[in-house]
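K.L.:
I would like to see how this sequence folds:
(2 chains)
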Number of protein chains: 2
Amino acid sequence: MSLRSLGVELHCRCIKTESKRIGRHIESVELIPANSHCEDTEIIATLKKTGQEVCLDPNAPWVKKVINRIMANKKR
Amino acid sequence: MSLRSLGVELHCRCIKTESKRIGRHIESVELIPANSHCEDTEIIATLKKTGQEVCLDPNAPWVKKVINRIMANKKR
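P.N.:
Alright, predicted model coming up:
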């Protein structure tokens, strides 16, 4: 059961996004499509080692590249 | 703190992938890049309503389309 399906998160999760290119530190990425509670796609990266969660800008070219790299199954 | 950063998940998480086109039922998607414990990118979708987690095939054209749609911030 996800939090949102329980009706807990009825707003955007990201306030600000990371501007530094942290692609190599990313362990996994969560994509949340625009929905009735948040009008923009949100991207939340979990970092290696610390497990820290960081919001990324879906419109930043380096972020699109990171996603494309993951989808292309390229090792880092 | 993520599970993997705690050293809990030292293997692939997906055993089989969903073949049906379930794009419209997706609430969020987790992308896990290939790493030392799993040689392929893994995509785990969380479904609306049920919150069920389903693995998707990163090589399936419909899955790539779903990810591209989310990145393009297109509402469904």
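K.L.:
would you list every one of the helices in chain A?
P.N.:
Using DSSP state H, the helices found in chain A span residues A:61-71.
K.L.:
Strands of that one, residue ranges please.
P.N.:
With DSSP state E as the criterion, chain A has strands at A:26-32, A:42-47, A:53-56.
K.L.:
so which of those strands gets nearest residue B:71?
P.N.:
Nearest to residue B:71, of all the strands of chain A, is strand A:26-32, at 7.4 Å by Cβ to Cβ. Just so you know, the C-beta spots here come from the backbone N, C-alpha and C atoms, and that holds for glycine as well.
K.L.:
From the contact counts, what lies against that closest one?
P.N.:
Under the contact criterion of 3 or more Cβ pairs under 8 Å, 6 or more residues apart in numbering or on different chains; DSSP states H and E, strand A:26-32 touches strand A:42-47, helix A:61-71, strand B:26-32, helix B:61-71.
K.L.:
6 Å - rerun?
P.N.:
Contacts defined by 3 or more Cβ pairs under 6 Å, 6 or more residues apart in numbering or on different chains; DSSP states H and E place strand A:26-32 against strand A:42-47, strand B:26-32.
K.L.:
Thanks again, I'm all set now.
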